[in-house]
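Engineer: sequence-free structure coming up:
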């Protein structure tokens, strides 16, 4: 009887130690995830500045125009990426120009479903024929 009491106590102590260890690991992991999320917010703020720079290419020449282009909104919202495979080079149709734009695949699919845009593009970047799209700093960019 004493033998089983000692074995049971040993098993309970061992199980308690394992559970305490797992709790400690869970707590450490939660702290790391919180730090990563905080870094993500900070980098998202930095990316919004980068996205603003990317938007300059597709901004209107007439800043007093309050009507926002549907195509330009789709482009602005779909510049982000994680890998090069997510970026594609498409031709966006505007009333005055056809522009080669680097955008993620989701944005390309949305643009393919939308009607042609009647707003003015202003100007388009020069794109060589051998250009492609790649992911740089989590934004789709045109690579030459």
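Structural biologist: Ah, there it is. Predicted model, so just to flag it, every value in this text is computed and none were measured. Numbering: from 1, shown residues only.
Engineer: use CA for all of it now, contacts and neighbours both
Structural biologist: Noted.
Engineer: which stretches of the chain have low pLDDT?
Structural biologist: Where the chain drops to pLDDT under 70, the residues are 41, 43-68, 116-117.
Engineer: show me the helices in it, by range?
Structural biologist: 2-55, 70-77, 105-113 (DSSP state H).
Engineer: show me what the first one is packed against.
Structural biologist: Same thing as helix 2-55. Taking 3 or more CA pairs under 8 Å, 6 or more residues apart in numbering; DSSP states H and E as the contact definition, helix 2-55 has no neighbouring helices or strands.
Engineer: go on, the shortest one?
Structural biologist: Here helix 70-77 touches helix 105-113, going by 3+ CA pairs under 8 Å, 6+ apart.
Engineer: buried ones in the helix it packs on?
Structural biologist: Neighbour counts using 16 or more other CA atoms under 10 Å place 105, 106, 107, 108, 111 of helix 105-113 among the buried residues.
Engineer: give me the contacts around that helix.
Structural biologist: Helix 105-113 is contacted from outside by 71, 74, 75, 77, 78, 79, 86, 87, 88, 90, 92, using CA atoms under 8 Å, 6 or more residues apart in numbering.
Engineer: count of neighbours near residue 78?
Structural biologist: 20 (other CA atoms under 10 Å).
Engineer: skipping adjacent residues, who's closest to it in space?
Structural biologist: residue 107 (5.1 Å; CA to CA, 6 or more residues apart in numbering).
Engineer: report the separation between that neighbour and residue 4.
Structural biologist: Separation of residue 107 from residue 4 (CA to CA, to the nearest Å): 67 Å.
Engineer: residues touching the spatially most central residue of the chain, list them.
Structural biologist: Central residue of the chain (CA atoms, centre = their mean): residue 80, 3.9 Å from the mean position. Residues near residue 80 by CA under 8 Å, 6+ apart: 103, 104, 138, 139, 140.
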